[in-house]
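J.: Dropping a prediction and its sequence here:
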Amino acid sequence: MKEGFVLNSSALMLVGAMLFGLGVVGFLTRRNLIIMFLCTEVMFQGVLVNFVAMGQRWGNLQGQAFGLFVLVIAAVEAGLGLAIVVMLYRRRGTLDAEHWRTLRG
Amino acid sequence: MNGLFEHHILSLIVFLPVAAAALLFTRTSWDAPTVRRFAMFVALLVFALACYATSMFLNQSATERGQFHLVERLHWFGDTDSLAPVHLQYHVGVDGISLPLLLLTAFLTPLAIWGSFTGIQDRCREYYSLMLLLHGAMLGVFCARDLLLFYIFFEFTLIPLYFLIGIWGGSQRTKAANMFFIYTLTGSMLTFAGVLYLGWKASLLPLGADKTYEFSFDLDRLYELAAAGYLSLDVQWWLFLAFFAGFAIKVPLFPMHTWLPLAHTEAPTAGSVMLAAVLLKLGTYGFLRLSLPMLPEASVALAPFVSILAIIGIIYGALAAWVQDDVKKLVAYSSVSHLGFCLLGMFSLKMAGLQGSLLYMVNHGLSTGALFLIVGMIYERYHTREFAKIGGLARKMPVMTFFLIVFTMSSIGLPGTNGFISEFLVLLGTFNSSKAEAGSPAGPLGMWYAIPAASGILLGAIYMLHMARCVLFGPLKEPGHGFDSSTGLTQDLTRREIGILVPIAAVCILIGVYPRVVTDITAPALQSQVLTRAHHMVKRGPAPAVAMHDVAPVSNRCEVEVAR
Amino acid sequence: MDLNNVETLAILIPLLPLLGAVAVGVIGLRGLRSNSHWLVLIGVGLALACAVRLFMNINLALTKGGSGCIDGLAKSWLIYGWINAGVTWMNVTFRIDSLTCVMLLTVLSVSFLVVAYSVGYMRDHHGHAERGYERFFAFLGIFVFSMCMLVLAGNFLLLYLGWELVGLSSYLLIGFYYEKPSAAAAAKKAFIVNRIGDFGFGLGIFLIYYTFGTLDYKEVFDLVAKMKMAGGAALSPDRVTAIALLLFCGAMGKSAQLPLHVWLPDAMEGPTPVSALIHAATMVTAGVYMVVRCNVIFSASHYAMWIVATIGGITSLFAATIALTQFDMKRILAYSTLSQLGYMFLGAGVGAFDSAIFHLFTHAFFKALLFLGAGSVMHAMAGVIDIRHFSGLARSMKITATTFCIGGLALAGFPLLAGFWSKDEIIHAALSSDMPWLGYMALITAWMTAFYTFRMIFMAFHGQERLPRDVHHAHESGPWMTAPLLILSVGAICAGYVGVTFGGHGFLGVFEPHGEFHHFLSYFTSGHRGTPKHVGAAEAGWLLGGHRLMYVSAAISLWGIGTAWFFYRRRPTIPLAIAFASGGLYRLLYNKYYVDELYDLALVRPLRRIGMVCYNLDRYFINAILWVIAAVPRLIGIILKGWQTGAMQGYALAMVVGLLVMIWWMLVAA
């Protein structure tokens, strides 16, 4: 580790923030459910990068451990989410988010 | 074996009914008699265990009885060794305050279960598992020594009772169950805010010499807060009101009592019995266990307020009871009146008043519980409780009449019965509250509180004898169809019903003649757990030099420390 | 078990009747049925024997000079610690002194006779026991137990216990015929009216504890005496007056003094032996006993004494006027009991505590006799007790008529009979006090007493024989009933002589007041008494000299009897004419001054109305407030639900904006 390129934790966090921002923008602007779903995944990864950066910043392994934890959860959640999207497509034949606005006051 | 018992007996007492409830709930193949026998057996077993626990407790010397015994402690989240800032634990134990109530619960539940043998015919399995669940939760409240644990048990009692009222209740059961649930839950939410705040405050109090801090709900630590000057009067005020919201509704204190008559009237007999005998006591127990020792200044400052509400409740409940045309409603309103006495004695902050108050909890449980049982027995026979439809039953039910008179007398505080002792002590404590005696400083109340409250002994006689006169005496009056023998009941009480009432009556007389069976246990605990704390006779913690009235800077400093 | 030991005897006295009662309660219905009386009779009889023994022991100690007894004649000891009141203990303590002895003897001897009488009374003419026979005797046993506890109590709390327990027995026994609505109502009324008095009594006890820090008789009385000696600052007179008046509230309830007298006439709904025992001879005198017991406290307050004497005097006159117009034998006797109790309070109120107890003692015998006689008549008349419906019973019921007449003479204050001596003493004391008008009032009452008693006797026993419709012939009651009548009539004649000494000249002049009885009691009553007012008071006047009062009251008694004879034997039209002529006044008296109606109007109805208001407040006001509170979240929901558009991205945008605002705020705040 000594000779190798040591990533600055600030740079890492910047990457995380950028990933998160991209995800947010994507989520807000696209109407395709699959794209929106992928955007949430991008946000997720942004947070994950942040965890790792924090771990490095404080000099312990908890951030990395938690990162792994989040990865697993994200994978599970991705499978679940995609399954739901598939089910929704089967019902209405479209992936436009505008078609699912029935849950309102 | 003995060691195992020593260490786990309270957990056994609390969780045996819960486990039995779970077991019972899954036994779909059991028929009704088996279910009844099983529930009864479990409840009796718990009672036996509670008696054994009592005998172990009584092995302690008189001075030791003021402390907690049979303590068991497990750490859920974090513990004292780690640096984790939050410390949640399972911590149980009994002292002289909780033991009588624990025994009362363990004593009355088998009788209530026995009393439902004929009354509950459908969905037996669910009914008895809910009863056992309720049993466990009630026992848990009295054992808990951790505020969070206390709160969990306290709230958990709502769930089984909600279903007991909602499924097996009378014609307005849904309304009654909802009202009961939402009413008490609303108050408890505020209490929970107080609980969390106290836990946070506890995290400001350094733990031991090494100045570590933890978020804790352990009662011992919470008791230290006020003594150590971490709770200013303002803070105590708000905390008191937060606790008050939950407990006063549970008690119920005067303007918050309207759920009670409805819930009592609609609940099945055993539900009413449990509600009156134990669940109402959770409120008074909360005041005694938490508000008084933890928030001593606020308790003194707000004592007149609480007491005036209690006195209004005494008179109001009695007068409202008098005009009821339904026996069960009458008894329900009488609870409002009686529990007023209970709170009044407590806030006198005198040994006599506290003794009376605690004894009142036990006595009210016995006599009102028994009254509800008898009303249930009448109801099972005639399917009505209205004065207009039944009357003069002494002619046909002499044994029932005997018991009803005994419990009526106990309820109106006739000397020689248990009711007298507690009523007398409460009023004596209140009357003498303003007077400082040797070893007992003056409390916040005085004779001008006792005088209106004493009218309760007159009003109590009026409504209870009104009931006795209407139900028992005068010419016989019964609904056209006579009594219902479809469940194997006889005109007068059956052996089973007599077997239910005899133990209660015996205990009522025993306490009336020799109240020391209870007060010898309670006195040291009330002194060391409540009175000394409420009067600040003990000051511990890191800031003993700080006087009580300028505590605010101290607590501010602590907050700053943590913020850094 | 040492039967010479005072302590053992004192414990046995209440315990034996209780055991009898409990045994009857447990096995009466199954095993004994119509033999249930034996257990209680034996229990009470043995208790009576113990009381006699106790009396002899105490008397011996008195003559020997108080060996084995502390404080002269008083002995007080702990049975067990009862209630832990924090700083102090409330104990079960007994106290034996001369007053206790007198009360025990009175109570137990009358009780014993009444229990025996009930064996005959509670059966029909064929000797079959009435329904509830065993219940009746169990209740009697409980009553005797409670009354003994009341009398033996060594502190105020135990007194209160006995006090309430006799109330319970009274409640149970008045309501013995529970199917009769009037009996059920009367029982309830008795208990509740007593509770009104007990409300004050209880507060008095609290105030005693508050002031003196103890409830033990001896300690309290010693403290009062000491403080009185020390002078004003130590004990405020207002406090003593308050204590005395609160205690007197209890006495007013229990002894049925104005205005709490309303329960006693209604209590006659109970079986007649009960009326004789509880509502004439023993329980109702508990108030007098208590006032005399607390004579130290009462005599420390001039004002309280004045109230006691005035209430006693007024009740006495008031009840006598009502008795003039009643027709129910038992009710006449009930009002006469009120009147005689008034005498006792009058005596106590003017400081003649020993005379009050003396009158209590003699009254117990002749009033029990009268009631039992009335019961005998009632038994023979198949339950009819209205003296307008029968007359001339003297021929067929010789023993009853004779003994009743003796009782009547004693009540009327006929010379040389029991009532004469005791009543005279009280009148004398009242006349010589600073309230002589009470004495004159008592003399008027004495005339009325003689009149209404003999009005009843002449109407019921004399003249032509006339019977109620469904009774074919009047017949004398059996020996179970007549024997107690005979024994009691001996008492009614002789009981007075324990209270007089012999000496002096003239017909009545050979008798001097204050005999053995007073001597025995003096150890108790004189200890704390101030200046005895009835010896040589200045206001004495003419009446008090020599034995003049004796002659005057004898004349008054004879005059009253004579008037009754003239009105009801010679000119039966006169009473009717008077009744017509007085119109409103007669109706007022006949309806007992409308006190019951007044209570109903002023207390019962308003209270019930308030109760109704409370209940409706619950249903319509508090629950309405709750509804409003519950409506708040619903309303908020209605307002906020418009923001719930269902558009996912809208929510996300709101979240992002919120996040940005928070970040901005944190940066600015930092």
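T.: Yes, it's here.
J.: Work out the gap between the helix or strand harbouring C:Leu635 and the centre of the chain.
T.: Assigned by DSSP states H and E, C:Leu635 belongs to helix C:623-640. Here helix C:623-640 is found 58 Å from its chain centre; the criterion is Cα atoms, centre = their mean, to the nearest Å.
J.: Which helix or strand lies directly C-terminal to that helix?
T.: Under the assignment DSSP H and E, the closest C-terminal helix or strand after helix C:623-640 is helix C:648-669.
J.: That next one and chain B, any residue contact?
T.: No. Helix C:648-669 lies apart from chain B when judged by Cβ under 8 Å from any Cβ of the partner chain; the minimum separation is 14.2 Å. Every C-beta, even on glycine, is put in place using the N, C-alpha and C of the backbone.
J.: Near chain C, which residues of the stretch 151-300 of chain B? Just list them.
T.: Close to chain C, as judged by Cβ under 8 Å from any Cβ, the stretch 151-300 of chain B has residues B:Ile182, B:Tyr183, B:Pro255, B:His257, B:Thr258, B:Pro261.
J.: I'd like the residues you listed written out as JSON lines, with neighbour count added.
T.: Supplementary listing: those in JSON lines, determined by neighbours: other Cβ atoms under 10 Å in any protein chain shown:
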{"residue": "B:Ile182", "neighbour count": "15"}
{"residue": "B:Tyr183", "neighbour count": "22"}
{"residue": "B:Pro255", "neighbour count": "18"}
{"residue": "B:His257", "neighbour count": "27"}
{"residue": "B:Thr258", "neighbour count": "20"}
{"residue": "B:Pro261", "neighbour count": "27"}
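J.: where does residue 95 land on pLDDT?
T.: Chain wasn't specified; assuming chain A. A:Leu95 is assigned a pLDDT of 85 by the prediction.
J.: I was after chain C.
T.: pLDDT, C:Arg95: 86.
J.: That one contacts C:Leu150, doesn't it?
T.: No. Contact criterion Cβ atoms under 8 Å: C:Arg95 and C:Leu150 do not qualify, at 11.7 Å.
J.: Which of the two has more residues huddled nearby?
T.: C:Leu150 (26 against 22; other Cβ atoms under 10 Å in any protein chain shown).
J.: can you confirm that one is in a strand?
T.: No. Counting by DSSP: H, G, I helix; E, B strand; the rest coil, C:Leu150 is not part of a strand but helix.
J.: Which residue ranges of chain C form strands?
T.: In chain C, the strands defined using DSSP state E lie at C:75-85, C:88-96, C:500-502, C:511-513.
J.: before we move on, the earlier item: can you tell me which of the residues of the stretch 151-300 of chain B next to chain C is nearest C:Gly154?
T.: Closest to C:Gly154 out of those is B:His257 (41.5 Å), distances taken as Cβ to Cβ.
J.: and that closest one, backbone torsions?
T.: The phi and psi values for B:His257, taken as degrees, to the nearest 10, are phi -100, psi 0.
J.: how near is the closest residue to it other than its chain neighbours to B:Thr368?
T.: Once flanking residues are discounted, B:His257 sits nearest to B:Val336: 4.9 Å by Cβ to Cβ, 6 or more residues apart in numbering or on different chains. Note on B:Val336: its distance to B:Thr368, by Cβ to Cβ, to the nearest Å, is 11 Å.
J.: Does B:Val71 belong to a helix, a strand or coil?
T.: Once three-state DSSP is applied, B:Val71 turns out strand.
J.: okay but B:Ala320 is in contact with B:Tyr333, surely?
T.: Yes. Counting by Cβ under 8 Å, B:Ala320 does reach B:Tyr333; the two are 4.8 Å apart.
J.: Excluding residues flanking it in the chain, which one is nearest the residue in the stretch 451-600 of chain C that chain B sits nearest to?
T.: Using Cβ to the nearest Cβ, the closest approach of the stretch 451-600 of chain C to chain B is made by C:Tyr599 at 12.8 Å. Here the nearest residue to C:Tyr599 in space, its sequence neighbours aside, is C:Val262; by Cβ to Cβ, 6+ apart that works out to 6.3 Å.
J.: Equivalent analysis for C:Met283, please.
T.: Excluding its sequence neighbours, the residue lying closest to C:Met283 (Cβ to Cβ, 6+ apart) is C:Val166, at 4.7 Å.
J.: Chain C contacts on chain A?
T.: So far as Cβ under 8 Å from any Cβ goes, chain A lies against chain C at A:24, A:27-28, A:31, A:36, A:97-98, A:100-105.
J.: ChimeraX command for the buried members of these?
T.: Here is the ChimeraX command that selects the buried residues among the residues of chain A next to chain C (16 or more other Cβ atoms under 10 Å in any protein chain shown):
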select /A:24,27,28,36,97
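J.: thinking again about what came up before, what is the nearest of the residues of the stretch 151-300 of chain B next to chain C to chain A?
T.: The closest of these, once distances to chain A are taken by Cβ to the nearest Cβ, is B:Ile182, at 22.6 Å.
J.: Can you check the pLDDT for the closest one?
T.: The model's pLDDT for B:Ile182 equals 88.
J.: Confirm that it sits in a strand.
T.: No. With three-state DSSP as the criterion, B:Ile182 is located in helix rather than a strand.
J.: Report how many residues lie close to the closest residue to it other than its chain neighbours.
T.: In space, and not counting its chain neighbours, B:Ile182 is closest to C:Ala630: 7.8 Å by Cβ to Cβ, 6+ apart. Other residues near C:Ala630 come to 13 when the count uses other Cβ under 10 Å.
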